[in-house]
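need a structure here:
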Amino acid sequence: MKRYLKLFFGLMLLSISYQAHAQQIDTIFNKRDLDYATYINLVGKNNIAYSAEKFNVSIAEAEIETAKIFPDPELAFGWLDNGQRRMNMGYGFNSELTWTLELGGKRKARIDLARNEAKLTSFLLEDYFRNLRADATLAFLTGMQHRLLLDVQHNSYLQMKQLAASDSMRYKLGTISQVDARQSKLEAGTMLNEVYAAQSDWETSLMNLSLLLGEIQTDTLVCPKGNFKGFERNFSLQQLLVEAQNNRADLKAALQNKNVSKSTLSLAKANRAIDLGLTLGMENVSYVRNAIAPTPSTSTINAGISIPLKFSNNKPGELKAAQYGMLQTEFEYKQAELEIHTEVRQAYSGYLAAQKQVKQFNSGLLDEAKSILDGKTYSYQRGETSLLEVLDAQRTYNEVQQNYYQVLYNHAAALVELERAAGIWDVNF
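Numbering: from 1, shown residues only. Below you'll find the model as predicted:
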């Protein structure tokens, strides 16, 4: 009787120690809890790659100002001396101002092209943020999932550690064999290694969040705060296709690229027009003191027009390239439209499948697996079942929990991918 009382009190102490230890899981680094709304707002403000992409818009706007520039005039000065100093032939100075007069609407075509390229750049930036927002959300969800998986491994380890300690006492009391006691201790050590691996995966996902936030990684890491609730939606496929057609920035960019190619063709046509060279000059020749033919100093003013001979128009390579480029953008737009429709349909199918999986787990699979594990553990402690049956029940319960959290993540990720594909966004949790 005394032996069983010792066993009972020992198990009570182990249970208390287990509950105290279960609350301590990670003390290696400092944590800064961050909810999703704050996190995604900081990503939009502080992400370094996105900040760099924003400069493309400023550069494109500066190119518009560059396109407005007229050709610069040229001012030339000269000095002449016939070298006949003995005959006093004199010397002179000349100056000339030249300017190119562009014809054929070149300046207007350049400005139109620059404006269309700037608009295209703004659509590309919008599409960049669409993908950044979705990727950052998936990274946030991954951090949440890895924390839950770590909890599964840690709780399993603590439970097995408690069981191993209990088996050690039971072996000393002679109620179980040494093999069973050593086996449970070995399983606890194996599960601790799995805890270390899960801990590493979790920390890695948190470091990725710091990268997206544009933060230097120190001893403090951002920890996502939230749960996998709030991802249930009812969508109409046809409505999603319409939304994607109207909202996808990359499709707008593909359409705008057609305008850019048209502007490029217009500029190529304008470049085939001749430009006139306008010249205005003045020349001054000093007094010639030659005794045979003395000449007073003279000043002359001249103006002229130069007309280039555009033999290069016989080789219309630039024009043909622009024409082919415009035809190419037509097919690129159709391909982008087809890809977007396919993406929406695939994402919609994936989301419906994820919904069904979540409902399947919510039907009681977790509770059933937990009940089986508790029953096997209780029977083992009473000597009615083997340790192998307990280990099998533990592994089954772990797998069910891991699959459940994976399904929750897949469901949330499927919503993110669907809204990314449709060009809409109402994710908040």
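
Please list the residues outside stretch 62-77 that contact it.
Applying Cβ atoms under 8 Å, 6 or more residues apart in numbering, the contact partners of stretch 62-77 are 93-100, 102, 107, 110-111, 113-115, 117-118. Quick note: C-beta positions are derived from backbone N, CA and C, even for glycine.

switch the cut-off to 7 Å
Residues outside stretch 62-77 that contact it (Cβ atoms under 7 Å, 6 or more residues apart in numbering) are 95-100, 102, 107, 110-111, 114-115, 117-118.

Same check on stretch 127-137?
Contacts for stretch 127-137 (Cβ under 7 Å, 6+ apart): 40, 43, 47, 50, 53, 212, 249-250, 253, 416, 420, 423, 425, 427.

Of those residues, which belong to helices?
40, 43, 50, 53, 212, 249, 250, 253, 416, 420 (DSSP state H).

pLDDT score for the nearest residue to the third one once chain neighbours are set aside?
Nearest residue to residue 50 in three dimensions, chain neighbours excluded: residue 132, at 5.6 Å (Cβ to Cβ, 6 or more residues apart in numbering). We have a pLDDT of 97 for residue 132.

count of residues packed around residue 132?
18 (other Cβ atoms under 10 Å).

Likewise for the one 4 residues further on?
Using other Cβ under 10 Å, residue 136 has 25 other residues around it.

again with residue 372
17.

And the helices in the stretch 1-150 of the chain, which stretches?
According to DSSP state H, counting those that start in this stretch, the stretch 1-150 of the chain carries its helices in the segments 2-22, 36-46, 48-67, 106-173.

so of these, which one's packed in deepest?
Neighbour counts (mean count of other Cβ atoms under 10 Å) averaged over each of the helices of the stretch 1-150 of the chain peak at helix 106-173, with a mean of 20.

Now do that helix against helix 36-46, angle only.
140 degrees (axes from the mean of the first three to the mean of the last three Cα atoms, to 10 degrees).

Surely residue 274 touches residue 307?
Yes - the pair residue 274 / residue 307 is scored as a contact, 6.4 Å apart, by Cβ atoms under 7 Å.

Show me which of those two is the more surrounded one.
Applying other Cβ under 10 Å to residue 274 and residue 307 shows that residue 274 carries more neighbours, namely 14 against 9.

what about residue 193, distance to residue 34?
30 Å (Cβ to Cβ, to the nearest Å).

The two: which has the busier surroundings?
Ranked by neighbour count (other Cβ under 10 Å), residue 193 and residue 34 place residue 34 first, with 19 against 11.

check contacts around the spatially closest residue to the more buried one that is not a sequence neighbour.
Excluding the flanking residues, the one nearest residue 34 by Cβ to Cβ, 6+ apart is residue 222, at 5.0 Å. If you count contacts by Cβ under 7 Å, 6+ apart, residue 222 has them with 32, 34, 206, 209, 210, 213.

Surely residue 222 forms part of a strand?
Yes - per DSSP: H, G, I helix; E, B strand; the rest coil, residue 222 lies within a strand segment.

All further residue positions should be reported with the first residue as 12.
Understood, numbering begins at 12; the last thing we discussed is residue 233.

circling back: dump the helices of the stretch 12-161 of the chain to CSV, plus distance to residue 245.
Putting the helices of the stretch 12-161 of the chain into CSV (distance: least, Cβ to Cβ, whole Å) gives the following:
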stretch, distance to residue 245
helix 13-33, 39
helix 47-57, 22
helix 59-78, 32
helix 117-184, 20
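
so where's this protein uncertain?
12-39, 93-101, 228, 298-305 (pLDDT under 70).

can you do 50?
Within the chain, the segments meeting pLDDT under 50 span 12-35.

gap between the residue sitting nearest the centre point of it and residue 224?
The residue lying closest to the centre of the chain (Cα atoms, centre = their mean) is residue 143, at 3.5 Å. Look at residue 143 and residue 224: by Cβ to Cβ, they are 12 Å apart.

shared neighbours of the two, anything?
In contact with both residue 143 and residue 224: residue 54, using Cβ under 7 Å, 6+ apart.

residues near the residue nearest to residue 103 when sequence neighbours are not counted, how many?
Closest residue to residue 103 in three dimensions, ignoring its sequence neighbours and counting by Cβ to Cβ, 6+ apart: residue 296, at 3.8 Å. A count of nearby residues for residue 296, using other Cβ under 10 Å, gives 19.

now do residue 439
11.

give me the number of residues near residue 279?
19.

what do you get for residue 433?
Neighbourhood size, residue 433 [other Cβ under 10 Å]: 25.

now do residue 322
Counted with other Cβ under 10 Å, residue 322 comes out at 7.
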